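Student: with the input below, show me the fold.
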Amino acid sequence: VMKNLFDQDRLPEFDIENTKFLLSFGADFLNTWISPVRYMRAYGEFRQGDRSRGTLVHVDSRFSMTGANADENIFVRPGREGLLALSMIQVIVTGGLGDPVPARDITGAGNVDIDRWAPELVAEETGVSADKIKRIAEAFATNRPALAIGGGSAGAHTNGLFNLTAIYSLNYLVGAVHSRGGIVFNPPPATDDLA
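Tutor: Predicted coordinates for the structure are as follows:
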């Protein structure tokens with residue numbers, strides 16, 4: 001996903017400690033995901049740092065340690081995380097809540113019919129009500145810096161690449177790529193020039 005979406009060969013740094021709104025799709029970062037110790041420390045800063053307490057919304061098909069610590073835990077039908085993310089993208093774009101250039105790019109300058117992912121049309125398939133989809137999408141887009149992460153159960157299905165691509169695309173809409181409180185890519189190692 002990082003290569004396809006961000007043209008990066010390395011895992012990025014997820015700047016959890018400096019985000020204001022964290023939306024996690026299946027990424028149990030407080031227990032088993034990537035580096036739990038690193039992200040537990042970041043979560044502590046996120047919750048009680050020098051600024052106001054951040055908001056964590058965890059989307060998953062099961063109950064996890066991260067879900068237990070979330071402000072809101074949203075159950076989604078297994079394998080439908082990407083569809084939920086696309087519905088949130090539809091809410092953000094049609095509501096004019098996202099950055100205009102990424103919104104244009106995601107919709108193919110209007111050539112992609114994103115209304116097929118309207119909350120009312122995907123609520124039953126995802127198991128998440130249309131009102132809840134709209135509320136979370138609007139909160140994500142208007143409480144910046146915001147960060148969407150995905151992994152674990154969201155990527156563990158045959159459509160895992162689709163799910164993670166849709167989830168990480170949310171970051172483009174809120175200016176969270178290469179920015180504080182978002183996704184920060186590590187520089188290449190100094191030895192890359194020696195090859």
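
Student: show me the helices in the protein, by range?
Tutor: For the chain, helices defined by DSSP state H occupy the ranges 2-6, 36-48, 65-68, 81-94, 100-106, 119-126, 130-142, 160-173.

Student: can you redo those helices as CSV with distance to Leu22, mean pLDDT and mean neighbour count?
Tutor: In short, each C-beta sits where N, CA and C put it, glycine included. Listed next are the helices of the chain as CSV, based on distance: least, Cβ to Cβ, whole Å; pLDDT from 0 to 100; neighbours: other Cβ atoms under 10 Å:
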stretch, distance to Leu22, mean pLDDT, mean neighbour count
helix 2-6, 19, 69, 14
helix 36-48, 7, 92, 16
helix 65-68, 10, 94, 19
helix 81-94, 14, 97, 25
helix 100-106, 19, 89, 15
helix 119-126, 20, 98, 17
helix 130-142, 9, 98, 19
helix 160-173, 11, 94, 23
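
Student: out of these, nearest to Leu23?
Tutor: When the helices of the chain are compared by Cβ to Cβ, helix 130-142 sits nearest Leu23, at 5.4 Å.

Student: what's the closest of the helices of the chain to Ala148?
Tutor: Per Cβ to Cβ, nearest to Ala148 of those: helix 160-173, 4.0 Å.

Student: for the closest one, what is the distance to the chain centroid?
Tutor: Distance, stretch centre to chain centre, for helix 160-173: 7 Å (Cα atoms, centre = their mean, to the nearest Å).

Student: contacts for that helix, please.
Tutor: Outside helix 160-173, the residues that touch it by Cβ atoms under 8 Å, 6 or more residues apart in numbering are 1-2, 4-6, 23, 25, 79, 81-83, 85-86, 88-89, 92-93, 97-99, 102-103, 105-106, 140-141, 147-151, 154-155, 157, 177, 182-183.

Student: do stretch 87-95 as well
Tutor: By Cβ under 8 Å, 6+ apart, stretch 87-95 touches 97-98, 103, 106-107, 114-115, 117-119, 121-122, 126, 133-134, 136-138, 140-141, 166, 169-170, 173-174.

Student: excluding its backbone neighbours, what's nearest Ile16?
Tutor: The shortest distance from Ile16 to any non-neighbouring residue, by Cβ to Cβ, 6 or more residues apart in numbering, is to Ala42 (3.9 Å).

Student: next one: the spatially closest residue to Asn159 that is not a sequence neighbour from Gly127, what distance?
Tutor: Take Asn159 and drop its neighbours on the chain: the residue closest to it by Cβ to Cβ, 6+ apart is Gly79, 5.9 Å away. Distance of Gly79 to Gly127, given as Cβ to Cβ, to the nearest Å: 11 Å.

Student: fine, thanks again, bye for now.
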